[in-house]
Structures are given as C-alpha cells and as structure tokens.
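Chemist: 3D, please:
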Amino acid sequence: MKPLQSSGVMSDQEELDAAVRGLWVVFSRIDDDRDRRRITHPLASLLVIATCATLCGIDDLEGIADFAAARRAFFERWLSLPAEHPGEATFRRALGMVSPLQLEVAFARWNRARLLPNEQVLALDGKAVRGSASDEQTQPLYLLHLWATEQKLLLACTAIDGAPAEPSNAALLLNGLRLNGAIVTGDANFAANGVAGAICETGANYCLALKGNRATLHAHVCAFFAGGDACGWENTKVDRWEQTEKGHGRVEHRVVEAIAYDAWPLHETAWPELKTMVRATRTRTIDGQSSTETAYYLSSLEANASRLAKAIRDHWRVENDLHYTLDVYFDEDACQISDRIAAENMSSLRKLTLVMLKKVQDKKSLRGRRTKAALDLAYFETVLRSALVEKQVTRPWESPRALAALHGAWRRSHRVHTPVAPPLEAVADARSAVI
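Modeler: The predicted structure is shown next:
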C-alpha cells in the first residue's frame, strides 16, 4: 500500500485516499493461507478490487478480473500491482480461502460510524442464495442475518444448513453480542425458548411470531384471545393500538392488542422473561373485497401495543431493505458461484457495498448508482468518498471465546478440518468496542 500524505482539512483527493486506504488496511488483517512462495497479488489488494467491482455492478469473478484490468490505472494510485493482471482463477482462489468470519469482522472494522439507538429493531431472518446450487451442491447457500432495520446495517451473518437450522443457529449468531435496549424480532421459525433465552442474554428484548409450528402453545394463545373476546375481556387489561392507511388502491386497518402474561391462567414457564402476549389483526380492502389476517406474538416487552406494533411492522423491513435489494439490485440469486466459501464471501462484499451505496446523497436508485459508478470514474470516486468513515465505533462483540465459538461453527459447517484460526486478539478488538 502506497503511503498516505495529508495535513489539515482533507481535500476531495485526500478523502478518496483515506477511503481506499481504509479498505486496504482492514482487509490486510485477514489471514492469507496461500503458499507465500507463489503469491503474486496481495490478498488485501484483491479484496479492495473485488469490493470496488461489486460497487460498480459486477457480480461474477470473470467480470471482477476484467474490471481489475480496465481500472488498473486507478488502482495503481494506491496499490502496488505486478505487471500481470489478476485473473478469474486468482480471485476464485482468494475468495475461496478467506474465512467468511474474518471478512465479516473486516466489514465491521471498516463500517465504524453506525450507532445503535435505544429500542432499535433488529430482525433475525434467513435468505437463500439460489444460484449457488450446483450438481455437487444441490442445496443453495443459506445465510442467517441480524439486520438493524432503522439504520439498514448488517450486524451479523452466518451460513447455515437451510431454514430448518435457523433456530439452532440463532443462539450461536447472537452469542457474545451486547444489544442492550434493542428489540430482536423473528418469524415463527424462531419461536423457541432457546432463541428467546439467547436474545435475553444479549441484554435485548424479543418479539417473536407464534404459529402452528409451536402447536400446543399457539392453540392455547388463540383460545385465550377467543375466550377474552367472548366475555368482553372482563377484569383483563388490554392495551390496544389501531391504525388505518389508504394508498395504492387499498385500505388497510391494523389492530394490535397486548395483554400482560400474568393475565394468562396457563403459564408456559420455559419461556425466559416472557411478559406479553400479542394479537395483530390486519384487514385489507381492495375494490370492495376485504380479507383479514391474524397473527400472534410472544414478547419480553411490557404490554405497550404501540411499541409492539412498531417492532412487528419494522421486522419486515429486512425483506425490502436487505433481501429484496440483494435480489433485485445485486442479482444475488443469479450469482452462480458454486464454491460455498467464495459465494458467502461475495455475499459479504455485496452487503458492504450496499452500505456504501446507501450513503450517497442523490436521487438515483441503487442500480442507477452502480451503473453510473461503472461508467463515470468521477462518480465512482464520489461514492468512495461518501463511504469514508471516521468515528471509532464498531459492533459490540464481547469476548474472544464467543468469536472462537463462531469460527469453530464456521469450520464445521464448511467441513474445514485443518485449523484456520483467526487472529483472536485483533478480531476480538474489532468486535469488543461498546456502542
């Protein structure tokens, strides 16, 4: 990496220098397990190039290699590049050997300026990268995310064995996090006392959907609300919130009712910190035809219907702001990188560039920003400068032991039998700063 020279207030060029250098520095802390005698291109340089290519709408390894050759003059301003351009095979090997956990931590180091406000809604949800399936790997890569809905920030991510493995891996994903004051939400797949307990251990509250997969508990909650409706909730305090919205040719009426758990005669004691049962009813009217949906939730929050309604509504922002964006603007489902580790690392780069693109202050869509960054070098530099981060804040991970557990799970899920240990001191430092 070529030295950075700066003094006083930073000019546009100095901000650009700092942005590119900042990416290189955090990537340089990732272990490079390639044969040192045969290394031509430093791993950090390859990851900087791959990130910039992804920023410009290039989502395949061949395209990244072409981008490296086309933008060589740009990168030579900061990176010491050999005469030979890095090819597709070079990027494939590099992305296939990097521990996704270390890349995730590098992401956290770079993205330091995001603060989590109190009562931030954090959505647990999984997503398949469908194009990663192949003849050898019939099941696509499946990633479990913890998404900060208000700030549109990915707090944690890990690869798991499909949707059925979400509950067992959620506790691992949350292990060691300090999320004091946050509200962690999840669909019915996460309605398990183990998940609820893991959330409470982070210092957060939970609001988890309850459906038929928890058949007995779901039936009891449904019967309790039905009985209360029949008797007019005599001697039972019900906190109620309702809202009507009109738009796009439809009218939606939402009602959320929250009842303290103490009012329920049948106690499910295995659920930690359970305080409230919630019923959310949505009636939608389109062209005079109405349909009603009812959903139930369990929560460790007090019976405040307005607060719970916001958490329930915000949970679905993970679909629009992360999953939909990755599929529509980044074509993630169309990415056919079958190597699981490379596919997971490419997914991390997409999420990194998603955060970078969202910080640009203009009226273009994400797709428009990616396209213009590819065609207009000045705009590309503007995007990089907009992504410059100065504050010293990062995700709150608590201990090297928690990180080691995560890394061990990654090794088992990818069947890596040779120890590939992350630099625990450096990595734990990245995850241990308290927000």
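
Chemist: State which helix of the protein is the longest.
Modeler: Ranked by residue count, the top helix of the chain under DSSP state H comes out as helix 340-358.

Chemist: if we look at the helix or strand following that one, which residues are touching it?
Modeler: For helix 340-358, the following helix or strand on the C-terminal side (DSSP states H and E) is helix 366-375. Helix 366-375 is contacted from outside by 55-58, 325, 328-329, 354, 357-358, 360, 362, 364, 379-380, 383, using Cβ atoms under 8 Å, 6 or more residues apart in numbering. The way it works is simple: take the backbone N, C-alpha and C, and place the C-beta from them, glycine included.

Chemist: Kindly recompute the last result at 6 Å.
Modeler: Applying Cβ atoms under 6 Å, 6 or more residues apart in numbering, the external contacts of helix 366-375 come out as 55-57, 329, 357, 360, 379-380, 383.

Chemist: ok, now stretch 342-358?
Modeler: The contact list for stretch 342-358, computed with Cβ under 6 Å, 6+ apart, reads 50-51, 54-55, 95-96, 98, 100, 103-104, 107, 111, 129, 132, 141, 154, 159, 326, 330, 337, 366, 369, 387.

Chemist: Among those residues, which are located in helices?
Modeler: Residues from those lying in helices, with DSSP H as the criterion: 50-51, 54-55, 95-96, 100, 103-104, 107, 326, 366, 369.

Chemist: any chance of the residues you listed in TSV, with pLDDT, neighbour count and distance to P82 too?
Modeler: What follows is those, written out as TSV (pLDDT from 0 to 100; neighbours: other Cβ atoms under 10 Å; distance: Cβ to Cβ, whole Å):
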residue	pLDDT	neighbour count	distance to P82
A50	94	25	17
T51	93	25	20
T54	94	25	22
L55	93	24	23
L95	91	26	19
G96	90	16	21
P100	85	24	27
L103	82	23	23
E104	76	26	29
F107	73	22	27
L326	89	20	33
L366	90	17	34
R369	94	25	31
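
Chemist: Run through who's touching stretch 239-259.
Modeler: With Cβ under 6 Å, 6+ apart as the test, stretch 239-259 has contacts from 238, 276-286, 303, 305-306, 308-309.

Chemist: Which ones among those residues map onto strands?
Modeler: Among the contacts of stretch 239-259, DSSP state E puts 276-286 in strands.

Chemist: Off-centre distance for the longest helix of the chain?
Modeler: 10 Å (Cα atoms, centre = their mean, to the nearest Å).

Chemist: just stretch 46-54 next, same as before
Modeler: 20 Å.

Chemist: any weak-confidence spans in the stretch 301-435 of the chain?
Modeler: Across the stretch 301-435 of the chain, the ranges flagged by pLDDT under 70 are 387-435.

Chemist: State the number of residues packed around the nearest residue to L79 once chain neighbours are set aside.
Modeler: Closest residue to L79 in three dimensions, ignoring its sequence neighbours and counting by Cβ to Cβ, 6 or more residues apart in numbering: S45, at 4.6 Å. Counted with other Cβ atoms under 10 Å, residues neighbouring S45 total 22.

Chemist: Quick check: pLDDT value at S45.
Modeler: With respect to pLDDT, S45 scores 91.

Chemist: How about the one 4 residues further on?
Modeler: Here, the pLDDT recorded for I49 equals 94.

Chemist: list the contacts for it?
Modeler: Going by Cβ under 6 Å, 6+ apart, the list of residues near I49 reads A68.

Chemist: K364 versus that one, what's the distance?
Modeler: Going from I49 to K364 by Cβ to Cβ, to the nearest Å gives 24 Å.

Chemist: now swap in R385 and tell me
Modeler: Taking Cβ to Cβ, one finds R385 at 16 Å from K364.

Chemist: cool, V129 as well?
Modeler: Distance from V129 to K364, by Cβ to Cβ: 26 Å.

Chemist: Name the residues that touch the one helix or strand I199 maps to?
Modeler: Assigned by DSSP H and E, I199 belongs to helix 193-201. For helix 193-201, contacts defined as Cβ under 6 Å, 6+ apart pick out 167, 170-171, 174, 184, 206, 270-273.

Chemist: Please indicate which of the residues you listed are buried?
Modeler: 167, 170-171, 174, 184, 206, 271 (16 or more other Cβ atoms under 10 Å).

Chemist: Just those: which are in helices?
Modeler: Going by DSSP H, the helices hold 167, 170-171, 174 from the buried ones among the contacts of helix 193-201.

Chemist: Can I get the residues you listed in JSON lines including pLDDT?
Modeler: Compiled in JSON lines, those are given as follows (pLDDT from 0 to 100):
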{"residue": "P167", "pLDDT": "91"}
{"residue": "A170", "pLDDT": "91"}
{"residue": "A171", "pLDDT": "88"}
{"residue": "L174", "pLDDT": "87"}
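
Chemist: ok, of those, which one's closest to S80?
Modeler: Closest approach to S80 among those (Cβ to Cβ): L174, at 40.7 Å.

Chemist: can you pull out the strands in the stretch 101-250 of the chain?
Modeler: 121-129, 141-148, 153-160, 183-186, 205-210, 239-247, 250-260 (DSSP state E, counting those that start in this stretch).

Chemist: Show me which of the ones you listed has the highest average neighbour count.
Modeler: strand 183-186 (a mean of 28; mean count of other Cβ atoms under 10 Å).

Chemist: May I have the strands that pair with it, each with its orientation?
Modeler: strand 121-129 (parallel), strand 205-210 (parallel) (DSSP bridges).

Chemist: Out of the ones you listed, flag the one nearest A226.
Modeler: Once the strands paired with strand 183-186 are compared by Cβ to Cβ, strand 205-210 is nearest, at 14.6 Å.

Chemist: now the closest one: mean pLDDT?
Modeler: For strand 205-210, mean pLDDT is 95.

Chemist: Check stretch 233-244 too.
Modeler: In this model, stretch 233-244 has a mean pLDDT of 91.

Chemist: Give me the distance between that stretch and the centre of its chain.
Modeler: Between the centre of stretch 233-244 and the centre of its chain there are 34 Å (Cα atoms, centre = their mean).

Chemist: what distance separates the start and the end of that stretch?
Modeler: End-to-end distance of stretch 233-244 (Cα to Cα, to the nearest Å): 24 Å.

Chemist: Repeat that for stretch 235-249.
Modeler: Span of stretch 235-249 from end to end, Cα to Cα: 40 Å.

Chemist: How far does that stretch sit from its chain's centre?
Modeler: Using Cα atoms, centre = their mean, the offset of stretch 235-249 from its chain centre is 30 Å.

Chemist: Offset the numbering so it begins at 23, please.
Modeler: OK, 23 is where the count begins now, so the last one is stretch 257-271.
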